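Engineer: Give me coordinates for this.
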Amino acid sequence: MTQDELKALVGQAALKYVPQGEIVGVGTGSTVDKFIDALASMKDAIRGAVSSSSASTARLKALGIPVFDANDVDELAVYIDGADEIDNRGYMIKGGGAALTREKIVAAQSRRIVCIADESKLVGVLGRFPLPVEVIPMAAHRLMRQFAAMGGNAQLRMREGQPLLTDNGLQILDVTGLTLSEPLRFENEVNQWPGVVTVGVFAHQKAAVCLLGTSQGVRTMTF
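Structural biologist: Here you go, the predicted structure:
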C-alpha cells in the first residue's frame, strides 16, 4: 500500500470513534485530511467540529461540516489527529505542520485523544523527528542557547527565506539531537522557559488510542 492509501485507511477507521450527535475535535495534516474527507460521509450525524488550524477549518467548511470556535464549546468527546512520532506509551511529538499550539488546546479540551498515523511514526523513544517548539520571536535566540545547553540543536523554521509564522503569528524552533526518554518530565521543564508558548511533546495530552496504518491493515493500540 502507498502512504496515501494507508492514511486513507486510518482516516476511515477513525470514524468509529466519533460519537453521533457530538462535536468532534479535528487536528491538522495530510492524514487528518483523509479523516476529514471520511467524516463528510457522516456529517449529518454530528453537530460539527472544532478545528486546530486554518487549513483544516477550510477543508471542513468546504465539505459542509460546521466549525465551532473552541470558546463556544465546553468539552469535546474526542480529538482525532496525526502525529510526527508516537511511542508505545501513547506519548507523541507533534507540530510538523506548525499547528501544535492549537492542537494542544483542542486536545486538552477533549475527553479522549485518538492518534491516526502510518506505522513509520511508531518509535521506541521519541526524538528522531525534529521537535517543534512554538516561541515568542524575541526569545528565539535565547531559547536556542537553552536547548544547546541540554545537547540539542535548535533551528528557526524558515519558509521562502523568512521565518515561518504560525496561525498565531509566532515562530517555530525545530530541535534535533534530543532523546526524549522521559517525555512528561521534559514537557514540564520546557513549558517553564520564558518565551516558550508550546513544546511539541504531547505527554500531558497523550493518545488514548492509536490507529496505525500497516500493510496488513489497521493496527489498534490502546494506552
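Engineer: where exactly do the helices run in the chain?
Structural biologist: 3-13, 30-39, 54-62, 100-108, 140-149, 183-191 (DSSP state H).
Engineer: What count of nearby residues applies to the residue lying closest to residue 214 once chain neighbours are set aside?
Structural biologist: Take residue 214 and drop its neighbours on the chain: the residue closest to it by Cβ to Cβ, 6 or more residues apart in numbering is residue 119, 4.7 Å away. Glycine gets a C-beta too; all of them are placed from N, C-alpha and C. Using other Cβ atoms under 10 Å, residue 119 is surrounded by 13 other residues.
Engineer: rewinding a little: how about the helices of the chain, which one is nearest residue 155?
Structural biologist: Comparison of these against residue 155 by Cβ to Cβ identifies helix 140-149 as nearest, at 7.8 Å.
Engineer: Show me what the closest one is packed up against.
Structural biologist: When contacts are defined as 3 or more Cβ pairs under 8 Å, 6 or more residues apart in numbering; DSSP states H and E, helix 140-149 packs onto strand 153-156, strand 171-176.
Engineer: ok, residues contacting the first one?
Structural biologist: Put plainly, it is strand 153-156. For strand 153-156, the external contacting residues (Cβ atoms under 8 Å, 6 or more residues apart in numbering) are 133, 140, 143-144, 147-148, 163, 171-177.
Engineer: one step back: most neighbours per residue, which of the helices and strands packed on helix 140-149?
Structural biologist: Greatest average neighbour count among the helices and strands packed on helix 140-149 goes to strand 171-176 (a mean of 22), per mean count of other Cβ atoms under 10 Å.
Engineer: Sheet partners, orientation included, of that strand?
Structural biologist: strand 131-135 (antiparallel), strand 153-156 (antiparallel) (DSSP bridges).
Engineer: contact partners of it?
Structural biologist: 95, 98, 130-137, 140, 143-144, 147, 152-157, 163-166.
Engineer: Make a ChimeraX selection of the buried ones in those residues.
Structural biologist: Buried subset of the contacts of strand 171-176, written as a ChimeraX selection, criterion 16 or more other Cβ atoms under 10 Å:
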select :95,98,130,131,132,133,134,135,140,143,144,147,152,154,156,157,166
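Engineer: separation between the residue nearest to residue 214 and residue 156?
Structural biologist: 31 Å (Cβ to Cβ, to the nearest Å).
Engineer: contacting residues for residue 103?
Structural biologist: 27-28, 52-53, 81, 94-95, 202.
Engineer: list the contacts for the residue nearest the centre of the chain?
Structural biologist: Note on the chain: the residue nearest the mean C-alpha position is residue 94, at 4.4 Å, using Cα atoms, centre = their mean. By Cβ under 8 Å, 6+ apart, residue 94 lies in contact with 81-84, 100, 103-104, 132, 200, 202.
Engineer: Include mean pLDDT and distance to residue 188 when you put the strands paired with strand 171-176 into JSON lines, please.
Structural biologist: Below are the strands paired with strand 171-176 laid out as JSON lines (pLDDT from 0 to 100; distance: least, Cβ to Cβ, whole Å):
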{"stretch": "strand 131-135", "mean pLDDT": "98", "distance to residue 188": "14"}
{"stretch": "strand 153-156", "mean pLDDT": "98", "distance to residue 188": "19"}
